[in-house]
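Peer 1: coordinates only, sequence not included:
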């Protein structure tokens, strides 16, 4: 099975974390939150969006793509990078408001 071409878009960056969106055919297909830990390792949560039509065998290549493009100092093979992968869907964006609920 052919692995789709993924384009990464960084949407948030702090001193200890980052958020990326994976675009597949120009559509949002996954979201990744990375947390840079004090011991030099990175822990990530990957949310595969249902609309991305992911196949389980495509996941390793997706993770490797992010690793190659944005994480030169850590990798899965050396145990310095870990991911938790889930499948989900976006139900909305909720933001703080000055108005009472």
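Peer 2: Nice, I can see it. Everything numeric in this text was worked out from a predicted model, so none of it was measured. Residues are numbered from 1 along each chain as shown.
Peer 1: ok, which stretches of the protein are strands?
Peer 2: 6-13, 17-24, 27-36, 42-49, 81-88 (DSSP state E).
Peer 1: Which residues are in contact with residue 33?
Peer 2: 17, 18, 19, 44, 45 (C-beta atoms under 8 Å, 6 or more residues apart in numbering). The C-beta positions use only the backbone N, C-alpha and C, and glycine is treated the same way.
Peer 1: For ChimeraX, write a command that selects the buried ones of the residues you listed.
Peer 2: In ChimeraX syntax, the buried subset of these is picked out as below (16 or more other C-beta atoms under 10 Å):
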select :18,44
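Peer 1: Closest one of the contacts of residue 33 to residue 98?
Peer 2: residue 19 (24.8 Å; C-beta to C-beta).
Peer 1: does that closest one have beta-bridge partners, and which?
Peer 2: Beta-bridge partners of residue 19, counted by DSSP bridges, are residue 12, residue 33.
Peer 1: can you pull the contacts of it?
Peer 2: Counted by C-beta under 8 Å, 6+ apart, residue 19 has contacts 10, 11, 12, 13, 31, 32, 33, 34.
Peer 1: export these to JSON lines and tack on distance to residue 40 and pLDDT?
Peer 2: Below are the contacts of residue 19 laid out as JSON lines (distance: C-beta to C-beta, whole Å; pLDDT from 0 to 100):
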{"residue": "10", "distance to residue 40": "21", "pLDDT": "95"}
{"residue": "11", "distance to residue 40": "24", "pLDDT": "95"}
{"residue": "12", "distance to residue 40": "21", "pLDDT": "95"}
{"residue": "13", "distance to residue 40": "18", "pLDDT": "97"}
{"residue": "31", "distance to residue 40": "24", "pLDDT": "96"}
{"residue": "32", "distance to residue 40": "19", "pLDDT": "96"}
{"residue": "33", "distance to residue 40": "18", "pLDDT": "97"}
{"residue": "34", "distance to residue 40": "13", "pLDDT": "97"}
